[in-house]
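Trainee: Structure for the following, please:
(one chain, ligands or ions: 1)
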Amino acid sequence: MIRVLIVCLGNICRSPAAEAALRRKAQERGAAIEVCSAGIGGWHQGKGADGRMVRAAAARGYLLDRHRARQVEFSDFYEFDYILAMDGKNLSDLLGMAPANRECDIRLFLEFADTHTRETPDPYYGGAEGFERVLDLVETGADAFLDHIQKTQG
Ligand code: 4NP
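Mentor: Numbering: from 1, shown residues only. Next up is the predicted model:
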């Protein structure tokens with residue numbers, strides 16, 4: 001079982017969507033992956049996902065209504081095999097807080113994807129199209145990550 005933690009800033013928009021997409025695609029392929037998500041910041045701790053993302057995700061069949069935001073914890077660096085960041089700032093924040101003896105692989109979520117960008121842009125202060133773009137990117141990224149896992153782990 002491979003354990004994957006997906007991290008964005010608030011854990012209410014991008015990483016809950018990426019978590020749902022990766023979980024569903026892993027189930028469809030029969031890949032043994034456990035997926036969680038967390039935020040660099042703790043402002044939304046215990047709160048549900050952003051309503052705009054809940055609605056946009058529901059239109060693609062992803063149910064985020066039970067999501068509860070949580071902040072990245074020190075123990076995450078020991079409990080997950082992969083920690084996947086949604087953007088470059090999330091990645092540098094994670095690398096800055098990661099203990100030297102960690103065994104997890106800390107990467108960008110889109111690192112394995114053939115997209116023109118490796119970053120999933122923060123939709124929080126923008127319009128509806130930003131949420132659709134996040135969903136497009138995380139669906140592509142989830143497939144690319146699973147391809148990578150299946151190639152490297154057999
Ligand atoms: P997320 O979006 O990182 O995709 O969950 C954000 C959510 C909240 C904030 C920023 C980004 N915020 O500043 O509160």
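
Trainee: Is the longest helix seen in the chain positioned near the ligand?
Mentor: What stands out as the longest helix in the chain, according to DSSP state H, is helix 128-153. No. On the criterion CB under 6 Å from any ligand atom, helix 128-153 is out of touch with the ligand, staying 7.4 Å away. In this view, the C-beta of every residue, glycine as well, is placed from N, C-alpha and C.

Trainee: for the record, mean pLDDT for that helix?
Mentor: Per-residue pLDDT values across helix 128-153 average out to 96.

Trainee: which of the residues in that helix are buried?
Mentor: Neighbour-count burial for helix 128-153 flags 130-131, 133-135, 137-146, 149 (criterion: 16 or more other CB atoms under 10 Å).

Trainee: Over to stretch 61-79?
Mentor: Neighbour-count burial for stretch 61-79, counted by 16+ other CB under 10 Å, picks out 62, 64, 67, 69-72, 76-77.

Trainee: can you tell me the distance between the two ends of it?
Mentor: With CA to CA, to the nearest Å as the measure, stretch 61-79 spans 29 Å from end to end.

Trainee: circling back to that earlier point, sort out which one of the buried residues of helix 128-153 lies nearest Leu84 for me.
Mentor: Phe145 (7.1 Å; CB to CB).

Trainee: Much appreciated, bye for now.
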